[in-house]
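**Q** Below: sequence and its predicted model.
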Amino acid sequence: MTTEKKCRIEGCKNKYKSGGWCHAHYERFRRYGDPLAGGTAHVPRPEKCSAQDCEKPVVAKCFCSGHYSLFRKYGDHTKAKYKWGKNGRDQWHKTSHGYIWRYSGYDDPNAAPNGFVYQHREVMANVIGRPLKSYESVHHKNGDRSDNRPENLELWVKSRPAGQRAQDLVAWAREIISQYGHMQ
């Protein structure tokens, strides 16, 4: 008849490994010199991110997904390449395609869906005195996308598709003249 040896620490029901202790108590003895020392205490996970003024739920290491991503990338959850309105993000920058843009926010009527405004669109909006419409675009006459002087910019309007009724085209032409006739 074989008897299963148990860990000699009172209350521990794990199997004996070495020195009369289970694996966990033996490793603690090996590391700290005491089978009851060390170990990891269970710390309950907080409900909200531990970053200042962040109310998002915790994903890992007491951070929300955004702050944990910054922590993994930079070693500090407060560091980032860009911050809203800080580190020059609200200043004009040149894109990899040669355009000049800056973050303006989602409330800006000339902003793209991501909150960025292209300088040439903002200059043209100031020239015509109103925000650009979705069917209007700005063309650089000399082809230099960073040359946003008003004299280098042209307002272009996307034309109607082919196959329109004549009366619809006449109505559309009148509308175009009423909108852009003053720009001649």
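**A** Nice, I can see it.
**Q** Sticking with the residue nearest the centre of the chain, tell me its helix or strand.
**A** For the chain, the residue sitting closest to the mean C-alpha position, by Cα atoms, centre = their mean, is Gly66 at 8.4 Å. Gly66 is located in helix 65-74, with elements delineated by DSSP states H and E.
**Q** cool, and Arg31?
**A** Short version: Arg31 belongs to helix 23-32, going by DSSP H and E.
**Q** Any buried residues in that helix, and which?
**A** For helix 23-32, a neighbour-count test (16 or more other Cβ atoms under 10 Å) marks His25, Tyr26, Glu27, Arg28, Phe29 as buried. For the C-beta atoms, the positions are set from N, CA and C on the backbone; glycine is no exception.
**Q** How far off centre is that helix?
**A** Average the C-alpha atoms of helix 23-32, do the same for its chain, and the two points are 45 Å apart (Cα atoms, centre = their mean, to the nearest Å).
**Q** just stretch 174-183 next, same as before
**A** When distances are taken as Cα atoms, centre = their mean, stretch 174-183 is centred 40 Å away from the chain's centroid.
**Q** neighbouring contacts of that stretch?
**A** Residues external to stretch 174-183 that are found in contact with it (Cβ atoms under 8 Å, 6 or more residues apart in numbering): Ile128, Leu155, Val157.
**Q** My guess is the last one contacts Glu136. True?
**A** Yes - under the criterion of Cβ atoms under 8 Å, Val157 lies in contact with Glu136, with a separation of 5.7 Å.
**Q** Look at the two and report which has more neighbours.
**A** For Val157 and Glu136, the more surrounded residue by other Cβ atoms under 10 Å is Glu136, and the numbers stand at 17 against 12.
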